[in-house]
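Q: give me a model of this one.
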Amino acid sequence: MYSLDAIDARILLARDSSQDASLIEIGNRLGVSRNTVHARLKRLRDADALGPPSAALSPAALGRPLLAFVTLSVSQQSIDSVYAAIAAIPEVVEAHTTTGDADLMLRVVASDTVDLHRITQSIQLAPGVQRSSTSVATTEVIPHRMSLLLQRLAVEH
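A: Residues are numbered from 1 along each chain as shown. So this is what the prediction gives:
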C-alpha cells in the first residue's frame, strides 16, 4: 500500500477545501507544479489509496437518508455465497468482516423503515446467513473524515 507523505496530505486537503480547483490552482497554492499534483494524485489512485468519487456521495441525495448497521452471523462453509448475495444488494454500501459475536458488519442505506425492512429481509434470506441484528443510526455525530489525520501528516515534515 502506498504511504502518503506531507505533500500528498496537503494536496488532498486543498482538494477538500476547493473541490473544483484545477491542478494548476492547487499547485500554485501549495508551491508545487501542476505535474507534481497530477502525478501524485495518479499514484494515489493507482495504489487504491483514493476511492471512487461516487463513494463521497451522500445517500440522501439518492433518496436513501436512513442509515442502518446490520451485523450477520454466517455459516463459514457458505461465506462466499453470503458475500455474493450481499454484494448483489445495492443498498448494502459497505461490508466488513469483524471479530466478536458477528462475522460481518454491513452499512445499509434505505429510503425509510419500510424499505429497510425489505432490505434486511433480502439479507436474511441470503444462503448461509444464520442470524442478523439491525441498528438504525439516528444522528451523525462525526461524519466520515480523514482531514484531521491529513492535517497532522501535512505538518509532520
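
Q: hey, where'd the helices end up in this protein?
A: 6-17, 23-30, 34-46, 79-87, 113-124, 147-156 (DSSP state H).

Q: any idea which of the ones you listed gets closest to G63?
A: Smallest distance to G63 across these (Cβ to Cβ): 9.4 Å, for helix 113-124. Backbone N, C-alpha and C define where each C-beta goes, glycine included.

Q: which parts of that closest one are buried?
A: 115-116, 119-120, 123 (16 or more other Cβ atoms under 10 Å).

Q: and among the helices of the chain, the most buried is which?
A: helix 6-17 (a mean of 18; mean count of other Cβ atoms under 10 Å).

Q: give me the angle between that helix and helix 23-30.
A: 120 degrees (axes from the mean of the first three to the mean of the last three Cα atoms, to 10 degrees).

Q: list the contacts of helix 6-17.
A: 4, 21, 26, 29-30, 32, 36-37, 40-41, 44, 146-147, 150-151, 153-157 (Cβ atoms under 8 Å, 6 or more residues apart in numbering).

Q: how about the CA coordinates for that helix, as CSV?
A: Extracted in CSV, the C-alpha atoms of helix 6-17 (Å, rounded to 0.1, in the frame of the first residue of the first chain):
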residue,chain,number,x,y,z
ALA,A,6,3.2,15.6,3.7
ILE,A,7,2.8,16.8,0.1
ASP,A,8,0.2,14.2,-0.6
ALA,A,9,-1.7,15.3,2.5
ARG,A,10,-1.6,19.0,1.5
ILE,A,11,-2.8,18.2,-2.0
LEU,A,12,-5.8,16.2,-0.6
LEU,A,13,-6.6,18.9,1.9
ALA,A,14,-6.5,21.5,-0.9
ARG,A,15,-8.9,19.4,-2.9
ASP,A,16,-11.2,19.1,0.2
SER,A,17,-11.2,22.9,0.7
